[in-house]
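> Quick one: sequence and predicted model below, then my questions.
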Amino acid sequence: MKHSLAIILLLIVSCCSIYAQQEDTTKVKMPAKTAIQIKDSLREDKNSLKLIPLCQDYSHLNNNLHIPTDEKTVLSLDQPIKKTNIFSASYSKFIIPTALISYGIITRKSKSLQQLDHSTHNEVSEHLKVPIHIDDYSQFAPAVAIYGLDLMGIKAKHNFRDRTIIMATSYLVMGATVQTMKNTIPVLRPDGSNDKSFPSGHTATAFVGAHILFKEYKDASPWIGIAGYAVATGTGVLRVLNKKHWVSDVVTGAGIGILSAEVSYLALPVFHNLFGINNKTKNLAIAPSIGVDNYGIGLAYTF
């Protein structure tokens, strides 16, 4: 009897263990989707996947402007694109002096412009009998102001070294141009003293200084440049009143002066590279010198 009960109990335990293993290996089906679902906006709303630009759209400018596609070109869309015109072009600074010089050259072949010179001279001769020699000094006034204003505390655009290079180059170009034209284009002076009337060297000298004065101090005050041009213009007028030059001589001299100053500013970087000038390098060297019967000190400053 005991053996029968043990066998029956063993069979029951075996059946239970087999049933438990079947339950572990049976796949459980998940319940169906409920009616309440969380909406996935990124998956269902396709419009939300579009990129929204953070800067303004400048596509409407393509019809009017040509945007370069060079890989080295960097285009910033944060600022409006400026169109280049005749006033903002790099060559615009040469328009006025070229026109002034051209007027004087054309006068040498134009009878009507020469008549204007002679009629102006006749009017001057009738009203002014005594010459005014201020023009011999006023021609240098703008050049003196270029250094004088800096000493007074008004800061110029360039330092003393660069201003000196610009001044020296300007007067060298101006002097060579004026003397070449005087010797190759003989024009009799109104007073008949010689045939070196064309162009006016006094006026050219004055306008060199006036134009450099304008470019160096225009950021401080535009009236400084206007005053310089006024002095230079007065110098040219006095040359006509003193019967030393025709009107065309003075106009040409003004153009040569302005053009010479512009050329000197273009040549400034060339001189920097030629002489190895670095604006960021300033060195001061002090070397004592001691001998048998003498002693001293030497200074060397790179500016």
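Received the coordinates, thanks. None of these values were measured; they are calculated from a predicted model.
> So what's the model's average confidence on the helix or strand containing residue 181?
Following DSSP states H and E, the helix or strand that holds residue 181 is helix 160-184. Mean pLDDT, helix 160-184: 96.
> which helices and strands does the next helix or strand after it pack with?
Moving toward the C-terminus from helix 160-184, the next helix or strand (DSSP H and E) is helix 201-217. For helix 201-217, the elements it packs on are helix 135-138, helix 141-151, helix 160-184, helix 222-241, helix 247-275, judged by 3 or more C-beta pairs under 8 Å, 6 or more residues apart in numbering; DSSP states H and E. (Glycine included, C-beta is placed from N, CA and C.)
> what angle sits between helix 201-217 and helix 247-275?
Here the directions of helix 201-217 and helix 247-275 differ by 50 degrees (axes from the mean of the first three to the mean of the last three C-alpha atoms, to 10 degrees).
> all numbers from here: first residue = 45
In the new numbering, first residue 45, that becomes helix 245-261.
> buried residues in helix 245-261?
245-261 (16 or more other C-beta atoms under 10 Å).
> Over to stretch 155-165?
Buried residues in stretch 155-165 (16+ other C-beta under 10 Å): 157, 161, 164-165.
> Take the residues you listed and write them to TSV, including distance to residue 239.
Shown next, in TSV, are the buried residues of stretch 155-165 (distance: C-beta to C-beta, whole Å):
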residue	distance to residue 239
157	19
161	15
164	19
165	16
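> Among those, pick out the one closest to residue 146, please.
Residue 146 has its nearest neighbour among the buried residues of stretch 155-165 in residue 157, at 11.4 Å by C-beta to C-beta.
> ok, for the closest one, nearest residue in space, not its chain neighbours?
residue 151 (4.1 Å; C-beta to C-beta, 6 or more residues apart in numbering).
> what's the answer for residue 238, then?
Nearest to residue 238 is residue 232, by C-beta to C-beta, 6+ apart, at 7.7 Å.
> ditto for residue 191
In space, and not counting its chain neighbours, residue 191 is closest to residue 207: 7.4 Å by C-beta to C-beta, 6+ apart.
> hang on, the one you found packs against residue 190?
Yes - using C-beta atoms under 8 Å, residue 207 is in contact with residue 190, at 6.4 Å.
> the more surrounded of these two?
residue 190 (23 against 18; other C-beta atoms under 10 Å).
> quick revisit: between residue 207 and residue 190, which contacts overlap?
The contact sets of residue 207 and residue 190 overlap at 200, 256, 260 (C-beta atoms under 8 Å, 6 or more residues apart in numbering).
> before we move on, the earlier item: could you pull up the contacting residues of the residue nearest to residue 157?
Residue 151 neighbours (C-beta under 8 Å, 6+ apart): 157-158, 161, 290, 292.
> from the residues you listed, which two are the most distant?
Within these, 157 and 290 form the most distant pair, 9.6 Å apart (C-beta to C-beta).
> Spit out the contact partners of the nearest residue to residue 149 once chain neighbours are set aside.
Excluding the flanking residues, the one nearest residue 149 by C-beta to C-beta, 6+ apart is residue 296, at 7.3 Å. Listed by C-beta under 8 Å, 6+ apart, the contact set of residue 296 reads 144-145, 147-149, 225, 242-244.
> can you redo those as TSV with distance to residue 313 and neighbour count?
Converted to TSV, the contacts of residue 296 look like this (distance: C-beta to C-beta, whole Å; neighbours: other C-beta atoms under 10 Å):
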residue	distance to residue 313	neighbour count
144	26	22
145	25	21
147	31	17
148	31	26
149	30	16
225	28	22
242	33	24
243	29	30
244	31	32
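> Give me the neighbour count for residue 319.
When neighbours are counted by other C-beta under 10 Å, residue 319 comes out with 8.
> how close does it get to residue 175?
Distance, residue 319 to residue 175, using C-beta to C-beta, to the nearest Å: 44 Å.
> now residue 161
Noted for residue 161: a distance of 18 Å to residue 175, by C-beta to C-beta.
> Same check on residue 297?
Distance, residue 297 to residue 175, using C-beta to C-beta: 18 Å.
> okay, these two: which has more neighbours?
Shown here are residue 297 and residue 175; by other C-beta under 10 Å, residue 297 has more neighbours (33 against 13).
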